[in-house]
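J.: Task: produce atomic coordinates for the following.
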Amino acid sequence: MRRLLLAWVPLLAACGLDFDDWTTAGMPTAADALMLPGDPFTDDRARDRDGDCLDDDVEHAIARWYAPLFVFDSRENARRPDEPATLYQVTPLGGCRAAAVELRYAYLFADDGGYVESTFCSDRHPGDNQYLRLTLDLREGVVTLRHVWAWGFGWPTHPLRFSGGSHPVVFLSAGKHHPYFDTRVDGAGSPYSSVGCVEAMDGRGARVEAALERAGVARGRHNVGERRSHGAEDFVDALDAWGYPGERAWGERPFCGGRRAGCSDDVNAMQAVWR
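T.: I've put the predicted structure just below:
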């Protein structure tokens with residue numbers, strides 16, 4: 001994802017908040033709450049290795065509960081079979097035992113394939129990192145979803161569907177992997193473009209629920225920990241296991257899918273994704 005100013009959001013919102021996308025018709029428009037057994041907070045650093053007072057097992061349970069379902073376009077040209085690689089971070093807001101919790105998912109691709117349906121636009125480049133931000137309420141062992149943010153789109157202001165009762169359905173445009181909550185942008189000028197580049201988003205491609213576990217990485221989980229505490233023995237940092245050699249979850253240089261040649265300084269650094 002290139003760094004962008006998104007002053008265009010009201011334009012899409014004006015298209016009609018009651019839009020019912022054919023690919024998600026019948027799915028609920030609100031997420032089920034997650035009931036946790038016992039106290040989710042702990043003072044035991046063996047259970048809370050990133051030091052945010054939230055049990056790491058609880059963090060993983062929350063991340064799995066809300067793991068997004070990605071829906072691709074049938075013309076997708078820059079997705080490997082195991083992509084997107086998805087990492088997560090769960091952070092109490094306001095200190096220990098805070099009721100508000102933020103959940104972030106970063107989803108990664110080795111390549112950005114450009115605007116596949118645009119005659120004059122390309123914008124291809126190595127590496128593509130995007131992210132979702134969810135705000136949760138955690139009270140008396142019950143986790144409730146309050147807000148979903150995806151580069152200017154925000155539920156509940158903009159309509160969003162949930163697969164399986166709790167997984168936000170996010171449509172990714174062909175090549176660029178721009179996030180949308182439906183397919184109405186298909187064949188239209190991209191709100192992410194200042195020159196009218198056309199998006200391809202028909203929702204007829206692969207459907208991929210974010211995978212958050214992998215053998216061979218720290219504790220088998222895709223948790224990146226906290227900015228002040230993310231030791232490699234407990235949390236994900238090096239991204240070689242996903243096929244992105246030399247890249248890091250907390251890297252300070254632009255994410256380029258493991259290839260520096262042709263890399264753009266406009267692509268976000270991974271460390272900028274996290275709180």
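J.: CA only for contacts and neighbour counts going forward, please
T.: Will do.
J.: quick one: residue 63 is in a helix?
T.: Yes. Under DSSP: H, G, I helix; E, B strand; the rest coil, residue 63 sits within a helix.
J.: That one: what's it in contact with?
T.: 88, 90, 103, 212 (C-alpha atoms under 8 Å, 6 or more residues apart in numbering).
J.: Beyond the lowest-mean-pLDDT helix or strand in the chain, next helix or strand please.
T.: Every helix and strand of the chain was ranked by mean pLDDT, DSSP states H and E. The lowest is helix 9-13, at a mean of 42. Proceeding C-terminally, helix 9-13 gives way to strand 34-35 as the next helix or strand, assigned by DSSP states H and E.
J.: how deep is residue 128 tucked in, by neighbour count?
T.: Neighbour count of residue 128, defined by other C-alpha atoms under 10 Å: 27.
J.: That one contacts residue 258, correct?
T.: No. Shown here, residue 128 and residue 258 do not form a contact pair, counting by C-alpha atoms under 8 Å, at 10.7 Å.
J.: what touches both of these two?
T.: Applying C-alpha under 8 Å, 6+ apart, one finds that residue 128 and residue 258 are jointly contacted by residue 110.
J.: how many neighbours does residue 75 have?
T.: 17.
J.: what about the nearest residue to it once chain neighbours are set aside, is that helix, strand or coil?
T.: Among residues not flanking residue 75 along the chain, residue 174 sits closest, at 5.9 Å (C-alpha to C-alpha, 6 or more residues apart in numbering). Per three-state DSSP, the local secondary structure of residue 174 is coil.
J.: ok, residue 174 - how many residues close by?
T.: Residues lying near residue 174 (other C-alpha under 10 Å) number 28.
J.: For it, give me its contacts.
T.: By C-alpha under 8 Å, 6+ apart, residue 174 lies in contact with 72-78, 113-116, 199-201.
J.: now with 7 Å?
T.: 72, 73, 75, 76, 77, 116, 200, 201 (C-alpha atoms under 7 Å, 6 or more residues apart in numbering).
J.: Next: residue 73.
T.: With C-alpha under 7 Å, 6+ apart, residue 73 has these contacts: 172, 173, 174, 200, 201, 202, 203, 204, 205.
J.: what's the answer for residue 113, then?
T.: Per C-alpha under 7 Å, 6+ apart, neighbours of residue 113: 77, 78, 124, 125, 175, 176.
J.: confidence score at it?
T.: Looking at residue 113, its pLDDT reads 95.
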